[in-house]
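sequence plus the predicted model coming up.
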Amino acid sequence: MKDFLGDIYCWFESLFGQNLAEHLWGYNCESQSYSNSNSFNNVGLIALTISLLITIIYYYVINHPRFNRWWSWLIMLGVGGVINLLIGYYITATDFVNGYIGDCLMYVRDEEGNIISYLIHEADCWMFGVTNLIVSAGFFITFSLMVNVLGRIIPQLASRNCKYSPF
């Protein structure tokens, strides 16, 4: 599982850029190695946990007959997705603003050390948030399928009112 979450996020690397991905993998410009912590694991575990909590809230806490429609399920998917979008943006934007991203990943410099161009922009942080939304939506759908399948196999685990939602 060490690199599994990072591999999932890197399927969408074209959205947020290779340089931001290298930073999230833990690349250290001074030592030119991956000696920093792998942020994909942290963000991925947060997305996984929030998606699981949203699933439990929908199927077992709310669990109301008026809330067993496909659109109610879609609302919960959206709520979890927006929460994860903001978390993904916040984590990367905090590193971006506070200068935690290595110089070699942030800028292209000329011989005198002047910045020629930026390699990572704030939009990349937003796009990582969108990537986190997509990944968390996949987790929520997977958990929903698990609840539905397990509810059919073991009826005691089925949600009383939402057991067929959204399928």
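Ah, there it is. Residues are numbered from 1 along each chain as shown.

what ranges do the strands span in this structure?
Ranges of strands in the chain, per DSSP state E, are 107-109, 115-118.

among the ones you listed, show me which one is buried the most.
The highest mean neighbour count among the strands of the chain, using mean count of other Cβ atoms under 10 Å, belongs to strand 107-109: a mean of 13. In this view, the C-beta of every residue, glycine as well, is placed from N, C-alpha and C.

elements contacting that strand?
Applying 3 or more Cβ pairs under 8 Å, 6 or more residues apart in numbering; DSSP states H and E, one finds that strand 107-109 contacts strand 115-118.

and the strands of the chain: which comes nearest Arg69?
strand 115-118 (45.9 Å; Cβ to Cβ).

pull up the pairing partners for that closest one, direction included.
Its sheet considered, strand 115-118 pairs with strand 107-109 (antiparallel) by DSSP bridges.

contact partners of the partner strand?
Residues outside strand 107-109 that contact it (Cβ atoms under 8 Å, 6 or more residues apart in numbering) are Asp103, Ile115, Ile116, Ser117, Tyr118, Leu119.

skip the chain neighbours and tell me the closest residue to the residue positioned nearest the centre of the chain.
By Cα atoms, centre = their mean, the chain has its centre lying nearest to Asn132, at 2.5 Å. Closest residue to Asn132 apart from its sequence neighbours, by Cβ to Cβ, 6 or more residues apart in numbering: Gly88 at 3.0 Å.

what is the burial count for Leu119?
Neighbourhood size, Leu119 [other Cβ atoms under 10 Å]: 17.

ok, the residue nearest to the centre of the chain - contacts?
Tyr9, Val43, Ala47, Asn84, Leu85, Ile87, Gly88, Tyr89.

what about the most far-flung residue of the chain relative to its centre, distance to Gly99?
Note on the chain: the largest C-alpha distance from the chain mean falls to Glu112, namely 38.7 Å (Cα atoms, centre = their mean). Going from Glu112 to Gly99 by Cβ to Cβ, to the nearest Å gives 21 Å.

model confidence for the closest residue to Ile83 other than its chain neighbours, exactly?
Spatially, and ignoring its direct neighbours in sequence, Ile83 is nearest to Ile50 (5.7 Å; Cβ to Cβ, 6+ apart). Listed pLDDT for Ile50 reads 98.
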